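# Okay, here's the prediction I keep looking at, along with the sequence it came from:
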Amino acid sequence: AQSVTQLGSHVSVSEGALVLLRCNYSSSVPPYLFWYVQYPNQGLQLLLKYTSAATLVKGINGFEAEFKKSETSFHLTKPSAHMSDAAEYFCAVIEGRSQGNLIFGKGTKLSVKP
Amino acid sequence: NAGVTQTPKFQVLKTGQSMTLQCAQDMNHNSMYWYRQDPGMGLRLIYYSASEGTTDKGEVPNGYNVSRLNKREFSLRLESAAPSQTSVYFCASRKDRVQETQYFGPGTRLLVL
């Protein structure tokens, strides 16, 4: 069965520093992978997704993620954190290739210090 | 184009009361989903509807029922609310293929006393 593990429930960085949010997946088939962001008291918004095209995926707001099959990872990065990046980030994998239900990780809350 | 809308935004219930959470999308999407979000648990799928006229259980369906009223609307019903159902509920929709994006509504915060 597919699953997602996000390492670190809370990550704190200084403004201007590198953001690295870790995601490892387990999947019996080539996965489709997603990163969503949730700002306080809002719904989830797609940041980027991997659907078996380029392994380096660029998303909105300067974020990108690299699919590494050998490491079963899909870590999210941003070169320079901004205060507005403070939010909760969720990694998700598609459950199989039939129904397409998303399996979410438990989330990582990102804090950005001035 | 409003996307995915949910009503109400916030609700307080007493144990044993019933209520229906409403969700509608105006993107002509085929699939619709109900999730609950609890601290430290991520989002867990309650029920989904792959197309109009079909519904299926997700990971945590106990205590809930759903209705896919038409292509636009997908409601979630709590027949007898319990404190364990205190949560934030999100509706989402997706057009067709499994790799397409799911779009989320703003959520309903439910407190069961």
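Perfect, thanks for sending it.
# Going by C-alpha atoms from here, please, whenever you check contacts or count neighbours.
Fine.
# Tell me what residue A:35 is bridged to.
In this entry, residue A:35 is beta-bridged to residue A:48, residue A:91, by DSSP bridges.
# what's the answer for residue A:74, then?
Assigned bridge partners for residue A:74, using DSSP bridges, are residue A:67.
# burial count for it?
Per other CA atoms under 10 Å in any protein chain shown, the neighbour tally for residue A:74 reads 29.
# go on, the one 4 residues further on?
Using other CA under 10 Å, the number of residues around residue A:78 comes to 18.
# Now that residue A:100 has come up, it's in contact with residue B:96, right?
No - the pair residue A:100 / residue B:96 is not scored as a contact, 9.5 Å apart, by CA atoms under 8 Å.
# Helix or strand next in line after the host helix or strand of residue B:24, which one?
Under the assignment given by DSSP states H and E, the secondary-structure element containing residue B:24 is strand B:19-25. The C-terminal neighbour of strand B:19-25 among helices and strands, as given by DSSP H and E, is strand B:31-38.
# Please point out which parts of that following strand sit buried.
Residues of strand B:31-38 classed as buried by neighbour count (16 or more other CA atoms under 10 Å in any protein chain shown): B:31-37.
# Same question for stretch A:36-56.
Of the residues in stretch A:36-56, those buried under the neighbour-count criterion (16+ other CA under 10 Å) are A:36-38, A:43-51.
# Could you identify the most distant pair in those?
Checked with CA to CA, the buried residues of stretch A:36-56 reach their widest spread between A:43 and A:51, with 22.7 Å between them.
# Against residue B:50, how distant is the residue nearest the centre of chain B?
Centroid-nearest residue in chain B, with CA atoms, centre = their mean: residue B:34, separated by 2.8 Å. Separation of residue B:34 from residue B:50 (CA to CA, to the nearest Å): 12 Å.
# Residue A:70 too?
33 Å.
# would CSV of the buried residues of strand B:31-38 with distance to chain A and pLDDT be doable?
As requested, those are exported to CSV (distance: CA to the nearest CA, whole Å; pLDDT from 0 to 100):
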residue, distance to chain A, pLDDT
B:31, 9, 94
B:32, 10, 96
B:33, 9, 96
B:34, 11, 97
B:35, 10, 97
B:36, 11, 97
B:37, 10, 96
